[in-house]
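*Asks:* Provided below for reference: sequence and predicted model.
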Amino acid sequence: MRLLTATITMATTAMLSTQAFAEGNLANPPAAWEELWNTVMLDITIIGVILAVAAVWMLFKFKATSPEQVGTAKKLTAVQAISWALIPAAIFMADDFYLAAKGWTVWNDYRRVPENAMEVKVTGYQWYWEFEYEDGTVTDELVMPVGQPVVLRMTAEDVIHDFGLPHYRVKEDVMPGRITYIWINPIEANETIVQCAEFCGDAHSDMWTSVRAVPQAEFDAWLSASAEESDFDIDEWKASWTKSQMTAAR
Amino acid sequence: MNTPSATAGHAATPAWKEWLYTTDHKRIGVLYLIGSMAAFGVAGLMAIIIRLEQMDVGMQYISSGTQYNGFLYFHGAAMILAFLIPGLTGFAANYFLPLMIAARDVAVPRINAFSVWLFYFAIVLALLSFVIPDAPDIMWTGYPPYSITTAANTSFYVFTVHLLGFSSILGAVNFLVTVIYMRAPGIGWNQLNIFTWTTIAAFVLQLIFIPVLAAAVTLLLFDKYLGTHFYDPAAGGDVLLYQNLFWFYSHPAVYVIFLPAVGILFEILTTMCKNQVFNYKAAVYAGIWGIVGIAGIVWIHHLYVTGMPDWLRLGHMVTTLLISVPVGILTLSMWGTLYKSAITYNTAMMYAVACLYLILIGGLTGIPLALPSLTIHLSETAFVMAHFHFIMALFAAFALFGGIYYWFPKMTGRYADGGLATTSFWLNFIGVNVTFIPLFIIGVEGMPRRYWDYQMFPQFDGMHEIATYGSFIVAAGMLLQFANFIYAAVAGKKAPLNPWNSQSLEWTHTQSPPGPGNFIDDVVVDENWSPYNYNKD
């Protein structure tokens, strides 16, 4: 049994690693997400329209004309019954595996961190985010140079949070005692947000901050300025809490 | 004693005492119905408050986020644990399953009475959590560490789950024994009503999985009040242990709700279409039991963004997608039942048709959520929330309300159909779409669940406003609906014993309502009998 488990684990790991770390151009997960989303939407729309049209047609076509009328469907023969189970099952399974294969490929884009990624450590607190850059600078917003892939190594200090980046179509839980990661590829200059996406108490809805992608020069200037003056003061933040927030934090 | 007229001799016993001491499965069913509808009312009120608060950016009506979280917690916990599960496996199963197999009661009537009173104690306990200081604000999922570090009193939640769990386990044993041993002579396994099959499938799931939930929440109680560290990573525990245990029960719990609703839907469809179930054996053995077989190996899809190992996420992606096979076969049986049928439209059938729509939208929107690569963005958004409302909450609630209209003449001797019923149906149906379609849309754009404020997304203001108006429409529909039920029970049009000309035993062999012992004469059927035997040639 142990041998079997080990074999399966090894086979799975081997499959995953060859897939996940295959050479290729730098992925763009949000674009892959949109493409997969459109594929799935097309898939379920086709299924939905076929079934909806069939239902509407039958609901009108087979209206009873008198109260005594009964349905005239014949009992299926054994061959018909088995076919009506196996053929649809085969079609559904074929669709499932098609979508699973597509989903697997996109998943690898999400999990394969580029080698040149800049590492930022993220810590979630009730109810704010803290970012630590490679040079030790601690900030309260996430700023990245355009074109520089960033890997976020994330944990939480108190309860479970979730680092959600709707613009980059990615999120992952942030938990005490565990480190999780996501990576993002800021391909253009913009200002978006990160929001907490796992329920964490009173000010859960307010746990968000800005995420900016800026030109390299601007990023360097911002980082050195942040290193000099830590503009984030925990005591000041806590002093701004409402009574209920303090109760919840207790 | 076994004839309905014999009840007249017991007129000396006061009515309240008869109901309090009853061991009759029909009265116990009605007690479940009253309790679950009361829970639905309170939890529905919470839903309106939740929608009102989200109508605009910023704080509208609540005094703090914690207060809002308390409403959200109660809405979820009460709707699932005190409305849907007791409404379907408590009320519908209790009242109609013994009638469908022509049993005179369940196997152990006193245990059955114990189950319903445990359910009432649980409801009282849940309501008391509003009276005690620091009401629970932990959501029905109650994830630690928040549920441990919060100042709120979570013990009532844990005890409520314990009581409901005991109640369900006792009910499960009772009903499984009833179906296995107490079917009337001649009723073989392939002649059971679909509702009977779905109910025992739901109870098998309860029996297997409830102990896991009980363990999960008990450890939560120990961690918070006894200083243990099962979920505390600082002392060697693990925060994800709880989520794994919780969803190991709570995903199958979705089917505990979904399956009996499917059963009721089939009862209405076959009767109103005067047709047999299309491909009965496939629906039962591949559809219903296929869902049971797969229910326990898909729970990781609730943990797609918790940093579980990749092989586990991708493995559960495949098993989750494969749910489409048994559900697809059940869906084909529903559609096939319409083919070459003779459909009569009434309120029950309107609810059944609405269920076909809900299972289509709700089921198909589950497919993107089966893929971790899409859920990595969709998780914890309004899209997820709208999806599970469609497939679980609305589908099951519409099936249950359809079932009430369908069985109303059996329970009261009167029809609940009429202008009020039709009006309230359309309000409910339009209302749920106006509420949840906008939430699907803004969910894909990133609107998170469980937010009372969304100042980072001011552009979603309009959609939230529409959704809130939708909830008003549902509220109006539900108020009319309950007014209609009360009116119809007292003064509705009198119905014959079998108003829909059904072939099922609860219609063909009983009074309305059935007296003590249910059947005047013993029921015996032959091998050609079927509850769906309309086309005799």
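*Replies:* Good, I have the coordinates. Values in this document were obtained by computation on a predicted structure and should not be read as measured data.

*Asks:* Buried ones in stretch A:41-61, by neighbour count?
*Replies:* By neighbour count on 16 or more other CB atoms under 10 Å in any protein chain shown, the buried set for stretch A:41-61 is A:43-44, A:47, A:51, A:55, A:58-59. Quick note: C-beta positions are derived from backbone N, CA and C, even for glycine.

*Asks:* I meant to write stretch B:49-69 there.
*Replies:* B:49-51, B:53-55, B:62, B:64-69.

*Asks:* what does stretch B:182-189 give?
*Replies:* By 16+ other CB under 10 Å, the buried positions in stretch B:182-189 come out as B:182-184, B:187.

*Asks:* Same question for stretch A:184-191.
*Replies:* For stretch A:184-191, by 16+ other CB under 10 Å, it's A:184-186.

*Asks:* before we move on, the earlier item: also near chain B: which of the buried residues of stretch A:41-61, exactly?
*Replies:* When contact is defined as CB under 8 Å from any CB of the partner chain, those meet chain B at A:43-44, A:47, A:51, A:55, A:58-59.

*Asks:* The residue of chain A found nearest chain B and residue A:200: what is the separation?
*Replies:* Residue nearest to chain B within chain A (CB to the nearest CB): residue A:177, separated by 2.2 Å. Separation of residue A:177 from residue A:200 (CB to CB, to the nearest Å): 15 Å.

*Asks:* These two: who's more crowded?
*Replies:* residue A:200 (26 against 17; other CB atoms under 10 Å in any protein chain shown).

*Asks:* list the contacts for the more buried one?
*Replies:* A:124, A:126-127, A:159-161, A:207, B:146 (CB atoms under 8 Å, 6 or more residues apart in numbering or on different chains).

*Asks:* The residues you listed, buried ones only, as a ChimeraX selection?
*Replies:* Selection command for ChimeraX covering only the buried members of the contacts of residue A:200, criterion 16+ other CB under 10 Å:
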select /A:124,126,127,159,160,161,207 /B:146
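
*Asks:* just to revisit the earlier point, so which of the buried residues of stretch B:49-69 belong to helices?
*Replies:* B:49-51, B:53-54, B:65-69 (DSSP state H).

*Asks:* how about the helices of chain A, start to end?
*Replies:* Using DSSP H, helices in chain A cover A:2-20, A:29-61, A:78-111, A:216-228, A:234-239, A:243-249.

*Asks:* Tabulate those helices in a markdown table, adding columns for mean pLDDT and distance to residue B:489.
*Replies:* Listed next are the helices of chain A as a markdown table, based on pLDDT from 0 to 100; distance: least, CB to CB, whole Å:
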| stretch | mean pLDDT | distance to residue B:489 |
| --- | --- | --- |
| helix A:2-20 | 51 | 59 |
| helix A:29-61 | 97 | 30 |
| helix A:78-111 | 95 | 42 |
| helix A:216-228 | 93 | 69 |
| helix A:234-239 | 65 | 57 |
| helix A:243-249 | 57 | 44 |
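
*Asks:* Compare those helices and report which one is nearest to residue B:204.
*Replies:* helix A:78-111 (21.4 Å; CB to CB).

*Asks:* just for chain B, where's the confidence low?
*Replies:* Across chain B, the ranges flagged by pLDDT under 70 are B:1-11, B:537.

*Asks:* could you dump the buried residues of stretch B:49-69 to JSON lines with distance to residue B:484?
*Replies:* Shown next, in JSON lines, are these (distance: CB to CB, whole Å):
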{"residue": "B:49", "distance to residue B:484": "25"}
{"residue": "B:50", "distance to residue B:484": "26"}
{"residue": "B:51", "distance to residue B:484": "24"}
{"residue": "B:53", "distance to residue B:484": "30"}
{"residue": "B:54", "distance to residue B:484": "30"}
{"residue": "B:55", "distance to residue B:484": "28"}
{"residue": "B:62", "distance to residue B:484": "32"}
{"residue": "B:64", "distance to residue B:484": "38"}
{"residue": "B:65", "distance to residue B:484": "38"}
{"residue": "B:66", "distance to residue B:484": "38"}
{"residue": "B:67", "distance to residue B:484": "33"}
{"residue": "B:68", "distance to residue B:484": "32"}
{"residue": "B:69", "distance to residue B:484": "34"}
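
*Asks:* Turn the helices of chain A into a markdown table, columns for distance to residue B:161.
*Replies:* Shown next, in a markdown table, are these (distance: least, CB to CB, whole Å):
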| stretch | distance to residue B:161 |
| --- | --- |
| helix A:2-20 | 33 |
| helix A:29-61 | 35 |
| helix A:78-111 | 34 |
| helix A:216-228 | 47 |
| helix A:234-239 | 34 |
| helix A:243-249 | 23 |
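
*Asks:* Of the ones you listed, which is nearest residue B:341?
*Replies:* If we rank these by CB to CB, the stretch that ends up nearest is helix A:29-61, at 7.5 Å.

*Asks:* on that earlier part again, save the contacts of residue A:200 as TSV, and put in distance to residue B:14 too.
*Replies:* TSV is the format used below for those (distance: CB to CB, whole Å):
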residue	distance to residue B:14
A:124	60
A:126	55
A:127	56
A:159	52
A:160	53
A:161	57
A:207	57
B:146	48
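
*Asks:* Cross-check the buried residues of stretch B:49-69 against chain A and keep the overlap.
*Replies:* Applying CB under 8 Å from any CB to the buried residues of stretch B:49-69, those adjacent to chain A are B:64-67, B:69.

*Asks:* Contact partners for the residue in the stretch 401-537 of chain B that chain A sits nearest to?
*Replies:* Closest residue of the stretch 401-537 of chain B to chain A, CB to the nearest CB: residue B:446 (2.8 Å). Residue B:446 makes contact with A:164, A:166-167, A:195, B:377, B:381, B:457, according to CB under 8 Å, 6+ apart.

*Asks:* can you pull the buried residues of the longest helix anywhere in chain B?
*Replies:* With DSSP H setting the assignment, residue counts place helix B:239-273 as the longest helix in chain B. Going by neighbour count (16+ other CB under 10 Å), the buried part of helix B:239-273 is B:239-240, B:242-273.

*Asks:* so which of the residues you listed also contact chain A?
*Replies:* Filtering those for neighbours of chain A using CB under 8 Å from any CB leaves B:239-240, B:273.

*Asks:* Out of the residues you listed, which comes closest to residue A:114?
*Replies:* residue B:240 (27.5 Å).

*Asks:* In chain B, which residue is most central in space?
*Replies:* residue B:84 (2.9 Å; CA atoms, centre = their mean).

*Asks:* wait, isn't that residue in contact with residue B:399?
*Replies:* No - at 10.1 Å, residue B:84 does not count as touching residue B:399 under the criterion of CB atoms under 8 Å.

*Asks:* For the spatially closest residue to the residue nearest to the centre of chain B that is not a sequence neighbour, which residues are in contact?
*Replies:* Distances taken as CB to CB, 6 or more residues apart in numbering or on different chains place residue B:257 nearest to residue B:84, at 4.7 Å, with adjacent residues excluded. Counting by CB under 8 Å, 6+ apart, residue B:257 touches B:80, B:84-85, B:88, B:202, B:392, B:396.
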